[in-house]
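Student: what follows is a predicted protein model with its sequence.
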Amino acid sequence: MKKRTTIVVNSLILPVSICVILLIGPVSQANAGWEQANKILSRIKAPQFPNRDFNITDYGAVGDGKTNCTEAINKAISAANEAGGGRVVVPAGTFLTGAIYLKSNVNLYVSEGAVIKFSTDPNAYLPAVFTRWEGVECMNYSPLIYAYKEKNIAITGKGTLDGQGQNWWSWKKLPQQREDRKQLFEQGRDGVPVKQRLYGGKLLRPNMIEPYKCKNILIEGIKIKNGPFWHIHPVLSQNITVRNVRVDGSGPNNDGCDPESCKDVLIEGCYFNTGDDCIAIKSGRNNDARRVNVPSENIIIRNCEMKEGHAGVAIGSEITGGARNIFVENCIMDDPNQDRAIRLKTNSVRGGFIENVYVRNVTIGQVKEAVLLIDFFYQDIEKGNYKPRVRNINMENVTSKKSKYALFLRGLDNAPIRDVRLKNCTLDNVETADVISNVKNLVMENVKINGKLVKTDED
């Protein structure tokens, strides 16, 4: 007798691609993965600073919201650095500034009641610095707070960083911005030297906070709002803690926290309400990332709340360098304007790999699209020659109250998604049949969709 494999969910019969195997069985590999998380945590240590303060008002800063305090803030940072380190204190008040350059052994402390308000004049972020823009290295406007090859740096306190991004967001719609973006991507493709990729003075919006090639980073307690572009963007950096931070920004590409080609990262206790992905793990775009070739790895996300955004936690799409060992636990994702909970996005132009992803104890109120989305057709691109590799994706103790799909999984004919495991998950009010194609070894253990246990149906 010929056998047909389907998924039966609440009287819906969902056909499964010939490349999919559905099993009811143990998920011991997931347990082994979580044991690795403790080893990663043991390596992540927040930097410590000498017990000395440098108040920015002693260097000429005035908290009236009108006086340009750029020089005063950077003087205080330099003084702290030259003294061997310490805390640069921003007292209560509103301090207008351009680009801030963090230096080794300095903690920029933004006191409760203090607001650092960043200038809306693009010239305040020149000269251009070495940065990554949407996964491609270039010389662009300085990020609003920038550090390059520094060690032991922090931004802490209960105050606010206001990027005034509303004044930058309209750039995205300008034809010249699209031309600048296209040119940068072509230069990355063609291997033009980074020092010749000159975009300061053009229309590529700067990131808000960017430690580049730094070690031992702490961002804690502060409120961040309305960045021009991505809010927190560590690149090629190591030993990073982002803790108890609130990010609000509804502009285009207003990602919350995007570690890119970083190692040993802890993001915990944070709140994200963003115009794009709340957290997006990245590792560079296309040929430029193949040149650099550094993955993002050993990243732990826990006890966070994700509201509006394209995804609660995304991996990609700038993922050419790869990502591995990603852990998400004890998070809440709930907003009618959040599109997906867990989103892995790539295509055959990006290529790259995503492996060893572990998600557990996540509560989802509602998302527009899917609880778990893995898509090799991001932006409908399938013309490249670089096969994405995604394997060992695990979800355990995840609940969802409303979504269009439970699972949206699309691999390629010649590059299937491999080893996706769900255990003890309850996904309710799923509106339509899942999309599952080119997946090998999809494992379900005690998974209920719309109140019914997922099972095989053979005839």
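Tutor: Right, received. Where do you want to start? Numbering: from 1, shown residues only.
Student: domains for this structure, by residue range?
Tutor: 20-43+272-459, 50-254 (automatic domain parsing).
Student: could you dump these to JSON lines with mean neighbour count and distance to Leu266?
Tutor: Placement of C-beta: from N, CA and C, glycine included. Formatted as JSON lines, the domains of the chain follow (neighbours: other Cβ atoms under 10 Å; distance: least, Cβ to Cβ, whole Å):
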{"stretch": "domain 20-43+272-459", "mean neighbour count": "20", "distance to Leu266": "5"}
{"stretch": "domain 50-254", "mean neighbour count": "20", "distance to Leu266": "5"}
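Student: just put these in TSV and tack on distance to Cys262 and mean pLDDT.
Tutor: As requested, the domains of the chain are arranged in TSV below (distance: least, Cβ to Cβ, whole Å; pLDDT from 0 to 100):
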stretch	distance to Cys262	mean pLDDT
domain 20-43+272-459	5	92
domain 50-254	5	98
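Student: can you redo those domains as TSV with distance to Ser261?
Tutor: What follows is the domains of the chain, written out as TSV (distance: least, Cβ to Cβ, whole Å):
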stretch	distance to Ser261
domain 20-43+272-459	4
domain 50-254	5
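Student: can you tell me the helix or strand for Arg290?
Tutor: helix 286-292 (DSSP states H and E).
Student: and the helix or strand following that helix, what does it pack onto?
Tutor: Downstream of helix 286-292, the next assigned helix or strand under DSSP H and E is strand 296-302. When contacts are defined as 3 or more Cβ pairs under 8 Å, 6 or more residues apart in numbering; DSSP states H and E, strand 296-302 sits against helix 28-43, strand 263-268, strand 279-281, strand 323-329.
Student: chain center to the helix holding Arg290, what's the gap?
Tutor: 19 Å (Cα atoms, centre = their mean, to the nearest Å).
Student: what does that helix contact?
Tutor: 135-137, 185, 188-191, 236, 261, 283-284, 318, 320-321, 349-352 (Cβ atoms under 8 Å, 6 or more residues apart in numbering).
Student: same check on stretch 61-73?
Tutor: Contacts for stretch 61-73 (Cβ under 8 Å, 6+ apart): 56-57, 59-60, 76, 88, 90-100, 114-117, 119, 124.
Student: same check, this time on stretch 32-41
Tutor: Residues contacting stretch 32-41 (Cβ under 8 Å, 6+ apart): Asp264, Leu266, Asn298, Ile300, Asn325, Phe327, Asn356, Tyr358, Arg360, Asn392, Asn394.
Student: same deal with stretch 110-123?
Tutor: Counting by Cβ under 8 Å, 6+ apart, 63, 65, 68, 70, 73, 89-98, 100, 124, 141, 144, 155-164, 167-168, 201, 222 sit against stretch 110-123.
Student: quick one: which of those residues sit in helices?
Tutor: Among the contacts of stretch 110-123, the members falling in helices (DSSP state H) are Thr70, Ile73.
Student: mind listing the residues bridging to Ala154?
Tutor: Counting by DSSP bridges, Ala154 forms beta bridges with Asn107, Leu218.
Student: repeat that for Phe118.
Tutor: Thr97.
Student: can you tell me the distance between the two ends of stretch 241-259?
Tutor: End-to-end span of stretch 241-259 (Cα to Cα, to the nearest Å): 11 Å.
Student: quick one: it to chain centroid distance?
Tutor: 8 Å.
Student: do stretch 394-410 as well
Tutor: Computed by Cα atoms, centre = their mean, the chain-centroid distance of stretch 394-410 equals 20 Å.
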